[in-house]
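Novice: pasting the structure only:
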């Protein structure tokens, strides 16, 4: 269990994050007291003063979250490395965003990406798209909050009882809400940078200790992994699966089509991730930030997959471990946590758990700020009341969405206790991403579409995504990447089925 030294490390990391948020809020309080436009620009865009490398770190920290911290090792421990192949789709997706989406956003001078749709298809479309984002983000970030509650409950209570998970969800949400409301997006970016460093430091220490614990040199470990197989007989080092399999989430055809589109939507149409890109000085630096985030994110994902492989050897390879073989192999989502809680030395245990909580907080703070910006800007909450009213409305929105995320995460305690955490977090966002990507592609790449067809496209994306997940409609279940591919294509065709006309429709 944790000692006072571990608790001290955890407390210091939490105080560091809260201190950064409070410090950024204090330094920028003058901007938040200016006129309404200045206050919104500071709270939601940091007045365009964020360095690109800090934005890169913030995007990476947010896109990883506690799901990757737990789910990455789980994927490699239980299966192979095909999840790592999804980073190919991520890199291609961020290139698309950097080339197509980012220049358009800076040319239009938007605060939320949905204002780009408003300039083309009108305010009703802008609000419909923003509403789709808000609904999808409640589900996706709520699932991430549920994932973050798992280690918190194990640390504090020693079990995963529903009541303990509920308390853990509330505690994590309160911490993220507190410092997000203090300093706006600037606080999010700088705290994310600190949290990413903590997370990577914790992962590096865990890998070093596992390598020291496994009684074999590096070539022997590599050979053991080459000969290890999964439950279905494939090599655990399999990265690329070239089968055309509609049921496989990480076969390469799925990655190159579905997950490329998914990541283009995630980084280009999701205010949660795209908002950070709008805090850079210009489009060139924002493009550098997003491409850097894709490359760094791929490396970090590989680090957590390596953790899962080493834990597999520790629990299952008697030829290497011998008498030191771990006596009982836990279930996948607990394997990294039980290693951290039961094996690591004092102090290091606290550092690793600090990294885990940093991953959890880095995904929640940005979601809360992004949802607040969509509420204030796209729906006009606090409009016309000056800077003070904007600041008050923004902080109230952060609090309100924190309550919504907590409620959804609490529901996950009951209906998704044994789901694969990565599949859960990725799958729920496809409902919003498919329609959003179809509408954004029509707006940015064509001269077709109208307010009515854009709104219809958002609905079509949601409905097709839902239908493709129903066995009674499609027979065998279809992987999330293919659902994204089919649903976003249907949404795009729906949006462009009419020429550009109607109130508020113009091509930029």
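Specialist: Alright, I've got the coordinates. As the structure is a computational prediction, the values presented were derived from the model and not from experiment. Numbers count the residues shown, from 1 in each chain.
Novice: pLDDT on the helix ranked longest in the chain, on average?
Specialist: Scanning the chain for the longest helix, with DSSP state H as the assignment, gives helix 162-213. Average pLDDT, helix 162-213: 82.
Novice: name the residues of the very next helix or strand once past it that come out as buried.
Specialist: Downstream of helix 162-213, the first helix or strand assigned by DSSP states H and E is helix 218-227. Neighbour-count burial for helix 218-227 flags 221, 224-225 (criterion: 16 or more other CB atoms under 10 Å). Using the backbone N, CA and C atoms, a C-beta is placed for each residue, glycine as well.
Novice: secondary structure element for the residue nearest the centre of the chain, which one?
Specialist: With distances taken as CA atoms, centre = their mean, residue 63 lies nearest the centre of the chain, 3.3 Å away. If you go by DSSP H and E, residue 63 is part of helix 52-78.
Novice: tell me the buried residues in the helix or strand following that helix?
Specialist: Going down the chain from helix 52-78, the next helix or strand is helix 82-96, by DSSP H and E. Residues of helix 82-96 classed as buried by neighbour count (16+ other CB under 10 Å): 82-96.
Novice: okay, now the residue nearest to residue 148 when sequence neighbours are not counted: neighbour count?
Specialist: Nearest residue to residue 148 in three dimensions, chain neighbours excluded: residue 360, at 3.3 Å (CB to CB, 6 or more residues apart in numbering). By other CB atoms under 10 Å, 30 other residues sit near residue 360.
Novice: and residue 360, how far is that from residue 74?
Specialist: 16 Å (CB to CB, to the nearest Å).
Novice: cool, residue 296 as well?
Specialist: Taking CB to CB, one finds residue 296 at 22 Å from residue 74.
Novice: more neighbours: these two, which one.
Specialist: residue 74 (27 against 19).
Novice: and the pLDDT for that one?
Specialist: Predicted confidence (pLDDT) for residue 74: 84.
Novice: same check, this time on the one 3 residues further on
Specialist: Per-residue confidence at residue 77 stands at 88 (pLDDT).
Novice: what count of nearby residues applies to the nearest residue to residue 88 once chain neighbours are set aside?
Specialist: Sequence neighbours aside, residue 255 is the residue nearest to residue 88 in space, at 5.6 Å (criterion: CB to CB, 6+ apart). Residue 255 is flanked by 26 other residues according to other CB under 10 Å.
Novice: and of the buried residues of helix 218-227, the nearest to residue 432?
Specialist: residue 225 (37.8 Å; CB to CB).
Novice: does the closest one really touch residue 306, like I thought?
Specialist: No: contact status for residue 225 versus residue 306: not in contact, 9.7 Å apart, counting by CB atoms under 8 Å.
Novice: still on that earlier bit, now do the longest helix of the chain: distance to the chain's middle.
Specialist: 13 Å (CA atoms, centre = their mean, to the nearest Å).
Novice: for the strand or helix carrying residue 452, which helices and strands make contact with it?
Specialist: Using DSSP H and E, residue 452 falls within helix 451-467. With contacts taken as 3 or more CB pairs under 8 Å, 6 or more residues apart in numbering; DSSP states H and E, helix 451-467 sits against helix 114-121, helix 123-156, helix 421-445, helix 480-495.
Novice: what's the end-to-end length of stretch 93-110?
Specialist: Terminal residues of stretch 93-110 are spaced 21 Å apart (CA to CA, to the nearest Å).
Novice: and the contacts of it?
Specialist: Outside stretch 93-110, the residues that touch it by CB atoms under 8 Å, 6 or more residues apart in numbering are 113, 115-116, 119, 259-269, 274, 277-278, 282-283, 286-287, 290-291, 293-294, 440, 444-445, 508.
Novice: quick one: which of the residues you listed sit in strands?
Specialist: Among the contacts of stretch 93-110, the subset assigned to strands under DSSP state E is empty.
Novice: among these, name the buried ones.
Specialist: 113, 115-116, 119, 259-269, 274, 277-278, 283, 286-287, 290-291, 293-294, 440, 444.
Novice: so residue 232, which of the three states?
Specialist: Under DSSP: H, G, I helix; E, B strand; the rest coil, the three-state class of residue 232 is coil.
Novice: wait, the residue nearest to residue 148 sits on residue 172?
Specialist: Yes: here residue 360 reaches residue 172: they are 5.7 Å apart, a contact under CB under 8 Å.
Novice: and for the two, which residues touch both?
Specialist: 145, 148, 152.
Novice: pLDDT score assigned to the second one?
Specialist: For residue 148, the model assigns a pLDDT of 76.
Novice: I figured it hits residue 357, correct?
Specialist: Yes: using CB under 8 Å, residue 148 is in contact with residue 357, at 7.4 Å.
Novice: neighbour count: these two, which is higher?
Specialist: residue 148 (29 against 26).
Novice: quick one: that one from residue 195, how far?
Specialist: In terms of CB to CB, residue 148 sits 12 Å off from residue 195.
Novice: which stretches of the stretch 201-350 of the chain have low pLDDT?
Specialist: 323-334 (pLDDT under 70).
Novice: which parts of it are helices?
Specialist: Using DSSP state H, counting those that start in this stretch, the helices of the stretch 201-350 of the chain run over 218-227, 252-254, 260-268, 271-277, 283-316, 318-321, 332-342, 348-373.
Novice: indicate which one of these is closest to residue 189.
Specialist: For residue 189, the closest of the helices of the stretch 201-350 of the chain is helix 271-277, at 6.4 Å, according to CB to CB.
Novice: now for the closest one, which elements pack on it?
Specialist: helix 52-78, helix 102-108, helix 123-156, helix 162-213, helix 260-268, helix 283-316, helix 348-373.
Novice: buried residues in the first one, which are they?
Specialist: Along helix 52-78, these residues count as buried under the neighbour rule (16+ other CB under 10 Å): 52, 54-78.
Novice: next one: the shortest one
Specialist: Residues of helix 102-108 classed as buried: 102-106 (neighbour count, 16+ other CB under 10 Å).
Novice: coming back round to it: what's the first helix or strand after the helix holding residue 452?
Specialist: helix 471-474.
Novice: where are the low-confidence patches of the stretch 1-150 of the chain?
Specialist: Checking the stretch 1-150 of the chain against pLDDT under 70 turns up 1, 25-40, 65-67.
Novice: returning to what we had before: pull the contacting residues for the residue nearest to residue 148.
Specialist: 65-66, 69, 144-145, 147-148, 151-152, 172, 176.
Novice: tell me how far it lies from residue 43.
Specialist: From residue 360 to residue 43 the distance is 23 Å (CB to CB).
Novice: also residue 225?
Specialist: For residue 225 relative to residue 43 (CB to CB), the value is 48 Å.
Novice: what of residue 446?
Specialist: Distance from residue 446 to residue 43, by CB to CB: 34 Å.
Novice: more crowded one of the two?
Specialist: The residue with more neighbours, out of residue 446 and residue 43, is residue 43; 29 against 14, by other CB under 10 Å.
Novice: so that one touches residue 111, yeah?
Specialist: No: with contact defined as CB under 8 Å, residue 43 does not reach residue 111; the gap is 9.6 Å.
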